[in-house]
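Asker: I would like the atomic coordinates for the input below:
(chains A and B)
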Amino acid sequence: MIGEWIKSLDSLLRGDATQLASLKKGTIEVPTNGLLFLIIILGAFYGACMACFAAFSRPAAGAILQMLASAGKIPMLFLLTLLVTFPSLYVFNALIGSRLTLHAVWQLLIATLAVMVAVLASLGPVVAFFSVSTTGYSFMLLFNVFVCAASGFLGLKFLLFTLHRLTVVLDEQNKPVPSTPAPISATPSTPAPANPDAITYDMPVPALPSPASPQGALEKMEGRAFGGNVTAIFRIWIVVFALVGAQMSWVLRPFIGAPGLPFTLLRGRDSNFFEAVWRAFWQLMGA
Amino acid sequence: MYSFFQHADQILRGEDDGFSLGRSVRYCVVFGLIYGAAMGCFGGLGIERWQQIFYSACKVPLLLIVSFAFALPPFFVMNTLLGARDDFASVLRAILETQAGLAIVLVSLAPFTLGFYVSSANYEAAVLFNLAMFAIASFSAQIILRRRYRLLILQRPIHLRLMWAWLACYGFVGVQMGWVLRPFIGAPNAPINFFRAGAWGNVYEVLLAMLWKIIT
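Answerer: Numbering: from 1, shown residues only, chains lettered A, B, ... in the order given. Presented below is the predicted three-dimensional model:
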C-alpha cells in the first residue's frame, strides 16, 4: 500500500506520471488519497525537523510539545492553504474556458503539493542540523522561510509545466481532425455531414507526438510555447497561493519556537508574515 | 593494501571503473584520519596532547561523511525532479569519487601542515593555513567532479546546473559542519574537549555580524 504510494510519488518526481502518454485521459493518474497520506507524513517530518530549534532552547517538556505541534501544523498549513484557494481556482479555471474537470484540477493540485512536500522533506535533515547548532532565532526563521520558498517555487513550477502538458493533450484530443483534402473534381453537391462534431469525436484520437527523449517533470516541450488564459489564471493563482500560504503560516505560528517564550499552540492575532520576516532580516543583519 | 593505493591513483587519473560507496567511505575515513591527526599536532606530541590528536583525527572523516549525508537527499530529489534520475548512478559515482579525491588530496597536503606547525607557533596562522589546505583540496577535487560530469552534461545540459546545486548545497552544510565540529586544531593552552565550550553556533550568523561591523 504505502510502497505503491511512494512509487507514485516517485513517478511524479521523475516526470513519468506527467508524460504526454500518461496524461491521455486529461488527468494525472495518481492515487490522490495515498498522496495526501504521504503529504501528511512528509510534512510532519519537516515540522519535527523545524522544531529541533526549540529542543535546544527550552526545557524538555516544552520542546517535545513544540515538536508535536509543528509536526501537526506543517501538513495543516499546506492542506488549509489548498482548501482556501481551491474553490476560487476551480471556478475561474472553468470560467475562462479550461477543459480541466474538477477532479483533474484536484489531482493536479494534490500532485503539486506532494512534489512541494517531497522537496521540503528532503531538506529536513539539513534544517534539523542547522536548528540544533544555531542559537540565533532570526537566522533560523529566515532559513526556514528560504527553504519553504524554494520548495514552493519548485512545486509551482511543476504545476505550471504539468498544466501546460495537460492543456496540450486536451487540445490535441478536441481538435477537429483535418479531413483529407477532397479532390477538386468531386461533385460539389456532396452532402455535408449534418453534425460535423459527431464525426470528429467518433474518429480515433490523433496519435500524440511522442517526445524523442524521456522528459523530466520540469522540462519544456519542444516547440510549444506557454500560452492561453488558463496559464494566466494559474499564474495569478500561484501568487494568491503564496500569499495565502505565507499568511496561513503566520496564523499557525509558532513553528520554530522563539527561545524565551513558553510553549503555546497558537499565538494571538497581531502583525503579519511579511513584517515579521522583514524584522528578522534586520535583526540578523545586526541593526 | 597495494590495491588500496592503486585505486587511489586510478581515482586521481579518472581511470577507476569499479567505484562504490564502500570504497569512497574507506578513503574518507583512512585519509581523513591521517590528515586530522596531522592537524591536531599543533600543540606538540606530548603525552597530554594525544587526546587532542585523537579527537582531531576523528573529526575530519566525520566532517566529510556527515556533510555528504546531509546534502545528498535534497540533491537526489532535485535530480529526480529535473529529469536526470536515470543518470543518478553515474552522478552518485561522480560525487563519491570527488569525496574520495578530496581526502586523497588532503592527505597529500598533510606534510605541509606539519611543516608549517614546526616553523610557526602562531595559532591564528595555523587556523588560516589549515583553511587554505581545505580550500585547495576542495578546489582540486572539483577536477574529478568536472571530469566525471563532462559526459553527463553533454548528454543532458541540466547536469551543469545540478552540479552547481550540489556544490552549493554541500558547501553550505559543510561550512557549518566545520564550524560546529571545532576545534580541529586545538589551541595549546585551552582545555581539550571534543566540542569546544561555547563554540555551538551558526557560522553564517557570525560572518554576517562581522560583515555588519565592518560596514558600519
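Asker: I'd like the average pLDDT over stretch B:63-81.
Answerer: Stretch B:63-81 shows a mean pLDDT of 94.
Asker: Return the set of buried residues in that stretch.
Answerer: The neighbour-count check on stretch B:63-81 (16 or more other Cβ atoms under 10 Å in any protein chain shown) flags B:63-68, B:70-81 as buried. Using the backbone N, CA and C atoms, a C-beta is placed for each residue, glycine as well.
Asker: Please apply the same query to stretch A:261-275.
Answerer: Within stretch A:261-275, the residues scored as buried using 16+ other Cβ under 10 Å are A:263, A:273.
Asker: same deal with stretch B:149-162?
Answerer: Across stretch B:149-162, burial judged by 16+ other Cβ under 10 Å covers B:149, B:152, B:156, B:158-159, B:162.
Asker: Average pLDDT for it, rounded please.
Answerer: Stretch B:149-162 shows a mean pLDDT of 91.
Asker: Quick check: which element contains A:S271?
Answerer: A:S271 is part of no helix or strand when elements are defined by DSSP states H and E.
Asker: Contacts only, for it.
Answerer: By Cβ atoms under 8 Å, 6 or more residues apart in numbering or on different chains, the contact list for A:S271 reads A:W250.
Asker: residue ranges with poor pLDDT in chain B?
Answerer: Across chain B, residues meeting the criterion (pLDDT under 70) sit at B:197-199.
Asker: what do you get for the stretch 101-250 of chain A?
Answerer: Scanning the stretch 101-250 of chain A for pLDDT under 70 picks out A:176-215, A:221-228.
Asker: Identify the residue nearest the residue in chain B positioned nearest to chain A in space, chain neighbours excluded?
Answerer: Closest contact between chain B and chain A, by Cβ to the nearest Cβ, is at B:G83 (1.3 Å). Leaving aside its sequence neighbours, B:G83 sits nearest to A:G216 (Cβ to Cβ, 6 or more residues apart in numbering or on different chains; 1.3 Å).
Asker: Would you mind listing what in chain B touches chain A?
Answerer: B:69-71, B:73-74, B:76-78, B:80-86, B:158, B:169, B:172-173, B:176-177, B:179-180, B:200-202, B:204-205, B:208-209, B:212-213, B:216 (Cβ under 8 Å from any Cβ of the partner chain).
Asker: Neighbours of B:G32, how many?
Answerer: For B:G32, the count of nearby residues is 25 (other Cβ atoms under 10 Å in any protein chain shown).
Asker: In what element of secondary structure is the closest residue to it other than its chain neighbours found?
Answerer: Counting by Cβ to Cβ, 6+ apart, B:G32 lies nearest to B:P61, which is 3.5 Å off, once chain neighbours are set aside. Under the criterion of DSSP H and E, B:P61 resides in helix B:50-81.
Asker: packing partners for that helix?
Answerer: Counting contacts by 3 or more Cβ pairs under 8 Å, 6 or more residues apart in numbering or on different chains; DSSP states H and E, helix B:50-81 is packed against helix A:2-14, helix A:102-122, helix A:124-133, helix B:21-39, helix B:88-119, helix B:158-180.
Asker: Run the chain-centre distance for the shortest one.
Answerer: For helix A:124-133, the distance between its averaged C-alpha position and the chain's averaged C-alpha position is 24 Å (Cα atoms, centre = their mean, to the nearest Å).
Asker: where along the stretch 101-250 of chain A do the helices fall?
Answerer: Assigned by DSSP state H, counting those that start in this stretch, the stretch 101-250 of chain A shows helices spanning A:102-122, A:124-133, A:137-174, A:196-202, A:228-251.
Asker: Could you list the buried residues of the first one?
Answerer: It stands for helix A:102-122. A:104-122.
Asker: For the buried residues of stretch B:149-162, work out which two are farthest apart.
Answerer: Put simply, by Cβ to Cβ the two of the buried residues of stretch B:149-162 set farthest apart are B:Y149 and B:I158, 11.4 Å from each other.
Asker: Nearest residue to the most centrally placed residue in chain B in space, ignoring adjacent ones along the chain?
Answerer: With distances taken as Cα atoms, centre = their mean, B:L64 lies nearest the centre of chain B, 4.6 Å away. Of all residues not flanking B:L64 in the chain, B:C28 sits nearest, at 4.6 Å (Cβ to Cβ, 6+ apart).
Asker: Report the contact partners of the one you found.
Answerer: By Cβ under 8 Å, 6+ apart, the contact set of B:C28 is B:61, B:64-65, B:99-100, B:102-103.
Asker: ok so, going back, isn't the residue of chain B closest to chain A right up against A:F161?
Answerer: No: if you go by Cβ atoms under 8 Å, B:G83 and A:F161 don't touch, sitting 10.5 Å apart.
Asker: mind listing what's buried in the helix or strand containing B:L145?
Answerer: Here B:L145 sits within helix B:123-155, counting by DSSP H and E. Within helix B:123-155, the residues that count as buried by 16+ other Cβ under 10 Å are B:123, B:126-127, B:129-130, B:133-134, B:137-138, B:140-142, B:144-145, B:148-149, B:152.
Asker: about what we covered before: ranking the helices and strands packed on helix B:50-81 by burial, who's on top?
Answerer: helix A:102-122 (a mean of 23; mean count of other Cβ atoms under 10 Å in any protein chain shown).
Asker: and the stretch 101-250 of chain A, which residues reach chain B?
Answerer: Residues of the stretch 101-250 of chain A lying near chain B (Cβ under 8 Å from any Cβ): A:115, A:118-119, A:122-126, A:129-130, A:133-136, A:139, A:154, A:158, A:214-219.
Asker: list the contacts for the residue in chain A that chain B sits nearest to?
Answerer: Per Cβ to the nearest Cβ, the residue of chain A with the smallest distance to chain B is A:G216, at 1.3 Å. Residues counted as contacts of A:G216 (Cβ under 8 Å, 6+ apart) are A:14-15, B:81-85, B:158.
Asker: A:V115 too?
Answerer: Per Cβ under 8 Å, 6+ apart, neighbours of A:V115: A:12-13, A:154-155, A:158, A:217, B:81.
Asker: Tell me the one of the residues you listed nearest A:L252?
Answerer: Set against A:L252, the nearest of the contacts of A:V115 by Cβ to Cβ is A:G155 (18.7 Å).
Asker: that older thread, got JSON lines for the helices and strands packed on helix B:50-81, with distance to A:F263 too?
Answerer: Shown next, in JSON lines, are the helices and strands packed on helix B:50-81 (distance: least, Cβ to Cβ, whole Å):
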{"stretch": "helix A:2-14", "distance to A:F263": "32"}
{"stretch": "helix A:102-122", "distance to A:F263": "23"}
{"stretch": "helix A:124-133", "distance to A:F263": "16"}
{"stretch": "helix B:21-39", "distance to A:F263": "40"}
{"stretch": "helix B:88-119", "distance to A:F263": "40"}
{"stretch": "helix B:158-180", "distance to A:F263": "26"}
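Asker: and of those helices, who's closest to A:A150?
Answerer: Of all the helices and strands packed on helix B:50-81, helix A:102-122 sits nearest to A:A150, with 7.4 Å by Cβ to Cβ.
Asker: Let me know the angle separating that closest one from helix A:137-174.
Answerer: Put simply, helix A:102-122 runs at 150 degrees to helix A:137-174, going by axes from the mean of the first three to the mean of the last three Cα atoms, to 10 degrees.
Asker: ok, A:L109 touching A:L83?
Answerer: No: between A:L109 and A:L83 there is no contact under Cβ under 8 Å: 10.3 Å.
Asker: what do the two both touch?
Answerer: Common neighbours of A:L109 and A:L83 are not found (criterion: Cβ under 8 Å, 6+ apart).
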